[in-house]
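A.B. asks: I would like to see how this sequence folds:
(chains A and B)
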There are 2 protein chains.
Amino acid sequence: MATMRDVAERAGVSIATVSFVVNNTKPVSAATRERIEAAMAELGFQRNVVARALASRRTRILAMAYPALEHRLGAAGMGFVTSAARRAAERGYHLVVWPVGNDAAELSDLVGQGLVDGVVLMEVLLRDARVDALVASRLPFAMIGRTENPAGLPHVDIDFDVTVEDALTYLHQLGHREVAFVTEGEPRATFRLYGPKVRAERAFERGCAERGLEALMVECEQHAAAGRETAREILARHPGTTAIMIMNEHAASGVLSGAIRSGVRVPDDMSLLSIVTTRDMGAMADPVLSIMRSPGEELGTLGVDLLIGQLEGEPMPEPRLLPCVLEPGESTAPAPGR
Amino acid sequence: MATMRDVAERAGVSIATVSFVVNNTKPVSAATRERIEAAMAELGFQRNVVARALASRRTRILAMAYPALEHRLGAAGMGFVTSAARRAAERGYHLVVWPVGNDAAELSDLVGQGLVDGVVLMEVLLRDARVDALVASRLPFAMIGRTENPAGLPHVDIDFDVTVEDALTYLHQLGHREVAFVTEGEPRATFRLYGPKVRAERAFERGCAERGLEALMVECEQHAAAGRETAREILARHPGTTAIMIMNEHAASGVLSGAIRSGVRVPDDMSLLSIVTTRDMGAMADPVLSIMRSPGEELGTLGVDLLIGQLEGEPMPEPRLLPCVLEPGESTAPAPGR
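C.D. replies: Prediction:
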């Protein structure tokens, strides 16, 4: 394969001048440019990305690191991926998805290969080895999510405090005084550090304490059958419960059908509110679930902008936290007797 | 950045000898190897993949091309992605996902950059510009799916003929004589060429003709609200229908709730069978949907093996077609009056 050196020799110019043309980094006279381009054509010089990456260290490829084997990608997650891909394309970049693990080894390996200009990190843990690896690599990155102390690290995220507070306010105003919170449960130890879960649980505890309510929280695996079992458990152990808030979109319809099969009328006897999910997921249940809609589309776009901004030398924007937005469906109503 | 030439000069050996060590392509004496490795360490020579890609044209990265912006990725689709990622890792490769469009331009762009050793192509159309681009690129590839005439092209796919025939046999044996088939509908013209849809529709028409049944087919957008509307339409226009077969996992639970809301008892008055989906998706509905389970896990693994086999010079295996497997739930029963 022809190199820039070969092109320089053929065109009778310096390698630096060839580089200016190949990478479009400095203006070159029209006559010189023509000579260089003719030499490239004669020699079959390929301006491919591998060669350009060596020369300019830029590929215009962005990686979205998503631990798909460890965290089930649902409808809300897909909103991040598709909006990020769309935004990258709009700005002249390719987005690729790396389904790499949470342990940072595979991420480090891929990052070390110099194939991408930057990384958008998804499903961030409060203490996340992948963040350390990215900081060490000096590769630009942006988090959709955040570590325990994300100050100084570029990130956007769901505002779990506001989301849970809004959800509790809504249910409280409907008269509910015994509210259970169903979260995602997983055997992996790292899941105890999963930011969305920890932040939402803390916000729920705080919101319940402020209102003088008991904070009943139940973990549930991410599938419908587990949701059914969880509904039965809540009804058996906490028969006074009149509302269930669910942050586990794969189990939400199961919680609903579990309650209904136990003889509970939704929403007359029991309200259900599925948070951090999509309208489509809510509509798959019957009655249609009231939801707090994930701002996945907005955050996927903002996350990519945050990364490209660094690559293109734009001033670093402030971190952004966006809450989920309430979209009432058919599964919430005033508490019984109100 | 230090080059192999710099390393060769420092170590007093030929560039070819450095290359043998870097790429592990030929045995080199221990003494020479030590000299070269010392020179690399002194010069900070990076064995990164970009350099290796230039030298050996191998990155051990495989791309899975999935048109995520054009075709909604559901639970069945995720089965392909996660199993392919797992299989690639088992065999010492990285799998990355390219959410590129069906129009082949972005795929050609990425392929031309020489960053991956091969491509697994998903959501194949009967006539697919991406296949032409891959053939022209000479990059090894494997299809999960297939074109109209895939002979000679490495592929694995769902056996839609057997899947639909098995589904029809099951419903027919339960006594159903008026069976509607709900498929995916999309405004894009290319969707008329979407292999799974075309093959399943043809198999349904053939199976109905052989049994002397009318082949009622209805397209439906890929979300639950559209499924509800479709159920109402079928009941209004074809009130004799006693079974609905659905190949549209995002709409399936909507078809069910649409039927129930129209006053139909499932499965007493009407049977529902959701095909090419997962057990989890079926369990999200109430009653739990009877399904034909997608062999996504198996095909993701086989597709990656088919690609790596080419890269590693293994004999090309035969194309494999696997049917979906019936898993009865609570939504199918003998036809009314049987």
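A.B. asks: from the contact counts, what lies against the helix or strand harbouring A:Ile291?
C.D. replies: Under the criterion of DSSP states H and E, A:Ile291 resides in strand A:290-293. In terms of contacts (3 or more C-beta pairs under 8 Å, 6 or more residues apart in numbering or on different chains; DSSP states H and E), strand A:290-293 is packed against helix A:160-173, strand A:271-277, helix A:279-283, strand A:325-327. C-beta: built from backbone N, CA, C; applies to glycine.
A.B. asks: burial count for A:Ile291?
C.D. replies: By other C-beta atoms under 10 Å in any protein chain shown, 32 other residues sit near A:Ile291.
A.B. asks: quick check: beta-bridge partners of it?
C.D. replies: Beta-bridge pairing of A:Ile291 under DSSP bridges involves A:Ser274, A:Glu327.
A.B. asks: how far away is it from B:Glu221?
C.D. replies: To B:Glu221, A:Ile291 is 20 Å away according to C-beta to C-beta, to the nearest Å.
A.B. asks: residues contacting the helix or strand hosting A:Ala142, please?
C.D. replies: Per DSSP H and E, A:Ala142 falls inside strand A:141-144. Applying C-beta atoms under 8 Å, 6 or more residues apart in numbering or on different chains, the contact partners of strand A:141-144 are A:80, A:84, A:118-122, A:124, A:131, A:134, A:150, A:153-157, A:299-300, A:303-304, A:306-307, A:310.
A.B. asks: in helices only, show me these.
C.D. replies: A:80, A:84, A:131, A:134, A:299-300, A:303-304, A:306-307, A:310 (DSSP state H).
A.B. asks: would you map out the domains in chain A?
C.D. replies: Domain ranges of chain A: A:4-56, A:61-157+A:296-322, A:160-294, per automatic domain parsing.
A.B. asks: can I get the ones you listed in a markdown table including mean pLDDT?
C.D. replies: Output for these, formatted as a markdown table (pLDDT from 0 to 100):
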| stretch | mean pLDDT |
| --- | --- |
| domain A:4-56 | 75 |
| domain A:61-157+A:296-322 | 89 |
| domain A:160-294 | 95 |
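A.B. asks: was I right about A:Leu134 contacting A:Val124?
C.D. replies: No. Contact criterion C-beta atoms under 8 Å: A:Leu134 and A:Val124 do not qualify, at 10.8 Å.
A.B. asks: just the strands in the stretch 151-300 of chain A please.
C.D. replies: Per DSSP state E, counting those that start in this stretch, the stretch 151-300 of chain A carries strands over the ranges A:155-158, A:179-184, A:216-220, A:243-246, A:271-277, A:290-293.
A.B. asks: make TSV out of these and add distance to A:Ala76.
C.D. replies: Shown next, in TSV, are the strands of the stretch 151-300 of chain A (distance: least, C-beta to C-beta, whole Å):
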stretch	distance to A:Ala76
strand A:155-158	9
strand A:179-184	12
strand A:216-220	16
strand A:243-246	12
strand A:271-277	5
strand A:290-293	9
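A.B. asks: among those, which is nearest B:Val266?
C.D. replies: strand A:271-277 (21.7 Å; C-beta to C-beta).
A.B. asks: just to revisit the earlier point, and the contacts of strand A:141-144, which of them are buried?
C.D. replies: Buried members of the contacts of strand A:141-144, counted by 16 or more other C-beta atoms under 10 Å in any protein chain shown: A:80, A:84, A:118-122, A:124, A:131, A:134, A:150, A:153-157, A:299-300, A:303-304, A:306-307, A:310.
A.B. asks: still on that earlier bit, let me have the domains of chain A in JSON lines, extended by distance to B:Met270.
C.D. replies: Listed next are the domains of chain A as JSON lines, based on distance: least, C-beta to C-beta, whole Å:
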{"stretch": "domain A:4-56", "distance to B:Met270": "55"}
{"stretch": "domain A:61-157+A:296-322", "distance to B:Met270": "27"}
{"stretch": "domain A:160-294", "distance to B:Met270": "15"}
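A.B. asks: how about stretch A:157-165: buried residues?
C.D. replies: So stretch A:157-165, judged by 16+ other C-beta under 10 Å, has buried residues A:157-161, A:163-165.
A.B. asks: the residue of the stretch 51-200 of chain A found nearest chain B sits in which helix or strand?
C.D. replies: At 3.4 Å from chain B, A:Gln113 is the closest residue in the stretch 51-200 of chain A, using C-beta to the nearest C-beta. A:Gln113 belongs to no helix or strand when assigned by DSSP H and E.
A.B. asks: is it true that it touches B:Thr59?
C.D. replies: Yes. Counting by C-beta under 8 Å, B:Thr59 is a contact partner of A:Gln113 at 7.2 Å.
A.B. asks: that older thread, pick the most deeply packed of the helices and strands packed on strand A:290-293.
C.D. replies: Highest mean neighbour count of these: strand A:271-277, a mean of 27 (counted as mean count of other C-beta atoms under 10 Å in any protein chain shown).
A.B. asks: which secondary structure elements does it contact?
C.D. replies: helix A:75-90, helix A:160-173, helix A:195-211, strand A:243-246, helix A:249-261, strand A:290-293.
A.B. asks: ok, and does the fifth one reach over to chain B?
C.D. replies: Yes. Under the criterion of C-beta under 8 Å from any C-beta of the partner chain, chain B is reached by helix A:249-261 at A:250, A:253-254, A:256-257, A:260-261.
A.B. asks: buried ones in that helix, by neighbour count?
C.D. replies: The neighbour-count check on helix A:249-261 (16+ other C-beta under 10 Å) flags A:249-260 as buried.
A.B. asks: quick check: angle from it to helix B:75-90?
C.D. replies: Interaxial angle, helix A:249-261 versus helix B:75-90 (axes from the mean of the first three to the mean of the last three C-alpha atoms, to 10 degrees): 140 degrees.
A.B. asks: and if you look at the longest one?
C.D. replies: Orientation of helix A:195-211 against helix B:75-90 (the same axes, to 10 degrees) gives an angle of 130 degrees.
A.B. asks: report all helices and strands that helix A:195-211 contacts.
C.D. replies: Applying 3+ C-beta pairs under 8 Å, 6+ apart, one finds that helix A:195-211 contacts helix A:160-173, strand A:179-184, strand A:216-220, strand A:271-277.
A.B. asks: quick one: the first one to helix A:195-211, angle?
C.D. replies: This points to helix A:160-173. Relative orientation of helix A:160-173 versus helix A:195-211 (the same axes, to 10 degrees): 40 degrees.
A.B. asks: so how far is helix A:160-173 from its chain's centroid?
C.D. replies: Mean-position distance between helix A:160-173 and its chain equals 22 Å (C-alpha atoms, centre = their mean, to the nearest Å).
A.B. asks: can you count the residues close to A:Arg5?
C.D. replies: 11.
A.B. asks: need the contact list for the closest residue in space to it that isn't next to it in sequence.
C.D. replies: Computed as C-beta to C-beta, 6 or more residues apart in numbering or on different chains, the closest residue to A:Arg5 that is not its neighbour in sequence is A:Ile15, at 5.7 Å. A:Ile15 makes contact with A:4-5, A:8, according to C-beta under 8 Å, 6+ apart.
A.B. asks: and A:Ala335, by the same measure?
C.D. replies: Per C-beta under 8 Å, 6+ apart, neighbours of A:Ala335: A:174-177, A:242-243, A:271.
A.B. asks: now A:Arg130
C.D. replies: A:65, A:100, A:102, A:104, A:107, A:121, A:124.
A.B. asks: ok, now A:Gly329?
C.D. replies: For A:Gly329, the contacting residues are A:282-283, A:287-291, by C-beta under 8 Å, 6+ apart.
A.B. asks: identify the farthest-apart pair in those residues.
C.D. replies: Across the contacts of A:Gly329 (C-beta to C-beta), the longest gap, 12.2 Å, separates A:Pro287 and A:Ile291.
A.B. asks: alongside chain B, which residues does the stretch 151-300 of chain A contribute?
C.D. replies: Contact residues (C-beta under 8 Å from any C-beta) of the stretch 151-300 of chain A with chain B: A:223-225, A:250, A:253-254, A:256-257, A:260-261, A:280, A:283-286.
A.B. asks: before I go, just wanted to say thanks for your time.
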